[in-house]
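>>> Whatever this is, show me its structure:
(chains A, B, C and D)
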There are 2 protein chains.
Amino acid sequence: MTSADGDSASGVLHRPDPETARERVGAAIDRGAMITVFGRCTVEYEGRAASTLGPGDRLVVLKPDGTALVHTDEGQKPVNWQPPGCTHEATLADGEFRIVSRRTAPDERLVVAFEQVEQVSTFDVTDRHDLALTGTEEDLRQRILDDPDLVEAGFRPLAIERETPAGAVDIYGEDREGATVVVELKRKRVGPDAVGQLSRYVETLDRELHADAEIRGFLVAPSVTERARGLLAEKGLEFVSLGPPE
Amino acid sequence: MTSADGDSASGVLHRPDPETARERVGAAIDRGAMITVFGRCTVEYEGRAASTLGPGDRLVVLKPDGTALVHTDEGQKPVNWQPPGCTHEATLADGEFRIVSRRTAPDERLVVAFEQVEQVSTFDVTDRHDLALTGTEEDLRQRILDDPDLVEAGFRPLAIERETPAGAVDIYGEDREGATVVVELKRKRVGPDAVGQLSRYVETLDRELHADAEIRGFLVAPSVTERARGLLAEKGLEFVSLGPPE
DNA sequence: CGATGGATATCGCAC
DNA sequence: GTGCGATGTCCATCG
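Numbers count the residues shown, from 1 in each chain, chains lettered A, B, ... in the order given. This is a model prediction of the structure:
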């Protein structure tokens, strides 16, 4: 045991035996602490898909919200995981310390079996601050509502997130002639999928509105791929280049 | 200091002062170790977007491949991160221990400034085992190639990933009458986007092939949403229900 | 390097 | 719960 044991804010065990690891992790799960376990382990997952992972050194993170993450030394994404809301369990089986995380609807199960536990750490964590993020699609929308001429001189926004049978349109409005305008926003370079999305909005509005009504579709993004540009031309849609704020 | 210090496989510091934390993390970065730091910190990010995060208790993971992750007590995704390939730096500024991670193309920068470091851990990690995953789209494709009648009696696959101007078709073949068949596979319930994808394949092949050639489009998936079903009917495409193996 | 599409995507919101 | 679209998506693959 280390001096950390007397500290409620955090605790650490170095190379605990399986039973000691099970006790510490089980207690931390019950306490609602954040837990990291590093050691040599195998991983099995079964649920939406299924996978097995042979022995290797990995970092396991258990969060009080029921999230489980298994990280190797590479990659931003965990090699295995469970989403928030799962139930974690610390068990002993065949003399091994194991972490089992389950959920239902859909049924999913993650089992991490440790051959050797290098370290168990627990943390009592408080974090009330929300992330303030800028440079998103909503920012782009606000810039256009502040200055509709960015789309086209005389453009008048009438609604945001206007519902159509094909889904909600980002910005709905009229051009200077009174023709209906549909605007699809993308915060980064767009491919063919965005053109298909805009096209569906225009097509369904074509049916919904007056038969002789002209409907113009605008795609607003920093840039388009060559294939997407071709699809735009083919479908008679327009493109406006608008990048993130400097 | 704990007994772990003499062990090259892992090391831990409890509540180090900023300078000690900087030394230990800087050395571990240079050594190519995996690092976890837990403590009270603020986070700033600037790059593809920008964000700030006020003080709170968070777990920071630095990987030898240049990945950085900042995890709070909630959520599966890190609240902030840097992708693999970044350069990490451990610095002292205003008496605080800071972790700075940068990359170029695009320029991105992540700064984690610690008011209080609860724990620093380092691990020498090797993991050469690959993940074996089943229940994927490739599994579904193999099942159909093994038994093409799953799509339709008499279906004959001729190619996989056949290129078209609209992208690669999952399975390309002929029905019993010799008509061209395009099959789009999805491993789970599909929405309108998959119908758009299949529709583009059929449309472009319609132009590419003989004008009088009949082209049939099949969407193979466990199920479809109501809107997607409508789009399929509208575009004259067919649906085959085929779920993951039990 | 960019383009393309899959993913146990995750996440948030509307219904 | 399902449906739908955004994401600093990440990631592998291909040209």
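>>> From now on I want contacts and neighbour counts done on CA atoms only, so please keep to that.
Noted.
>>> close to DNA strand D, is the longest strand anywhere in chain A?
The longest strand of chain A (DSSP state E) is strand A:108-123. No: applying C-alpha under 7 Å from any atom of the strand, one finds strand A:108-123 out of contact with DNA strand D, separated by at least 12.3 Å.
>>> cool, and stretch A:133-143?
Yes: counting by C-alpha under 7 Å from any atom of the strand, DNA strand D is contacted by stretch A:133-143 at A:135-138.
>>> for the residue lying farthest from the centre of chain A, helix, strand, or coil?
In chain A, counting by C-alpha atoms, centre = their mean, A:D212 sits farthest out from the average C-alpha position, at 41.9 Å. What DSSP: H, G, I helix; E, B strand; the rest coil gives for A:D212 is coil.
>>> any idea how far it is from A:V181?
14 Å (C-alpha to C-alpha, to the nearest Å).
>>> My guess is A:P18 contacts A:D94. True?
No: using C-alpha atoms under 8 Å, A:P18 makes no contact with A:D94, being 10.2 Å away.
>>> Give the residue spans of chain A that score low on pLDDT.
Along chain A, the model assigns pLDDT under 70 to residues A:1-9.
>>> and if we set it to 50?
Within chain A, the segments meeting pLDDT under 50 span A:1-8.
>>> Flag every residue of it that's near DNA strand C.
Neighbours of DNA strand C within chain A, by C-alpha under 7 Å from any atom of the strand: A:45, A:47-51, A:79-84, A:189, A:191-193, A:224-228.
>>> mind redoing it with 6 Å?
A:45, A:48-49, A:51, A:80-83, A:191-192, A:225-227 (C-alpha under 6 Å from any atom of the strand).
>>> Would you map out the domains in chain A?
Residue ranges for the domains of chain A, per automatic domain parsing: A:3-123, A:137-241.
>>> Quick one: distance of the first one to the chain centre.
The offset between the C-alpha centroid of domain A:3-123 and the centroid of the whole chain comes to 22 Å, using C-alpha atoms, centre = their mean, to the nearest Å.
>>> do that domain and chain B meet at all?
Yes: using C-alpha under 8 Å from any C-alpha of the partner chain, domain A:3-123 reaches chain B at A:4, A:10, A:14, A:34, A:48-58, A:63-65, A:67-69, A:72-76, A:79, A:82-84, A:118.
>>> Buried ones among these?
The neighbour-count test (16 or more other C-alpha atoms under 10 Å in any protein chain shown) marks A:4, A:10, A:14, A:34, A:50-53, A:55-58, A:63-65, A:67-69, A:72-76, A:79, A:82-84, A:118 as buried among the residues of domain A:3-123 next to chain B.
>>> quick one: which of those sit in strands?
A:10, A:14, A:34, A:50-53, A:55-58, A:68-69, A:82, A:118.
>>> quick one on the thing from earlier: quick one: strands adjacent to the longest strand of chain A?
strand A:10-14 (antiparallel), strand A:34-46 (antiparallel), strand A:96-103 (antiparallel) (DSSP bridges).
>>> Any chance of CSV for those strands, columns distance to B:T126?
As requested, the strands paired with strand A:108-123 are arranged in CSV below (distance: least, C-alpha to C-alpha, whole Å):
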stretch, distance to B:T126
strand A:10-14, 19
strand A:34-46, 10
strand A:96-103, 20
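>>> what's the closest of those to B:G173?
strand A:34-46 (33.3 Å; C-alpha to C-alpha).
>>> export the closest one as CSV, just CAs?
This file holds the C-alpha atoms of strand A:34-46, laid out as CSV (Å, rounded to 0.1, in the frame of the first residue of the first chain):
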residue,chain,number,x,y,z
MET,A,34,-13.3,6.8,-12.0
ILE,A,35,-11.0,3.8,-12.4
THR,A,36,-8.0,3.0,-14.6
VAL,A,37,-6.4,-0.4,-14.8
PHE,A,38,-3.3,-1.1,-16.7
GLY,A,39,-2.0,-4.7,-17.3
ARG,A,40,-1.6,-7.7,-19.6
CYS,A,41,-5.1,-8.9,-20.5
THR,A,42,-7.3,-10.5,-23.1
VAL,A,43,-10.6,-8.9,-24.2
GLU,A,44,-13.9,-10.4,-25.4
TYR,A,45,-16.8,-8.5,-26.7
GLU,A,46,-20.2,-9.7,-27.9
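>>> Spell out the residue ranges of the helices in chain A.
Secondary structure of chain A (DSSP state H): helices located at A:18-31, A:137-146, A:192-208, A:226-234.
>>> Relative to B:F218, which of those helices is closest?
helix A:192-208 (18.9 Å).
>>> packing partners for the closest one?
Packed against helix A:192-208 by the contact rule (3 or more C-alpha pairs under 8 Å, 6 or more residues apart in numbering or on different chains; DSSP states H and E) you find strand A:156-164, strand A:180-185, strand A:215-221, helix A:226-234.
>>> For DNA strand D, which of these is the nearest?
Closest to DNA strand D of the helices and strands packed on helix A:192-208, according to C-alpha to the nearest atom of the strand: strand A:180-185, at 6.3 Å.
>>> Beta-bridge partners for A:G56, please?
A:C41.
>>> what sits against it?
Contact analysis of A:G56 by C-alpha atoms under 8 Å, 6 or more residues apart in numbering or on different chains lists A:39-42, B:126-129.
>>> swap the cut-off to 10 Å and go again
A:39-43, A:72, A:114-115, B:125-130 (C-alpha atoms under 10 Å, 6 or more residues apart in numbering or on different chains).
>>> Ok, A:A105 next?
Applying C-alpha under 10 Å, 6+ apart, we find A:A105 in contact with A:G47.
>>> Compute the distance between it and B:K188, please.
15 Å.
>>> How about A:L145?
Look at A:L145 and B:K188: by C-alpha to C-alpha, they are 38 Å apart.
>>> Residues of chain A that sit close to DNA strand D?
A:75-77, A:105, A:136-137, A:166-167, A:186-187.
>>> Of those residues, keep whichever come out buried.
Among those, those scoring as buried are A:75-77, A:137, A:166, A:186-187 (criterion: 16+ other C-alpha under 10 Å).
>>> Which one of those residues is nearest to A:E203?
Distance to A:E203 across these (C-alpha to C-alpha) is lowest for A:A166, with 8.8 Å.
>>> Find me whatever residue is spatially closest to the closest one, sequence neighbours aside.
In space, not counting the residues next to it along the chain, A:A166 is nearest to A:Y201; the distance is 5.8 Å by C-alpha to C-alpha, 6 or more residues apart in numbering or on different chains.
>>> from what I can see A:G75 touches B:T67, true?
Yes: the pair A:G75 / B:T67 is scored as a contact, 6.6 Å apart, by C-alpha atoms under 10 Å.
>>> anything in contact with each of these two?
B:83-85.
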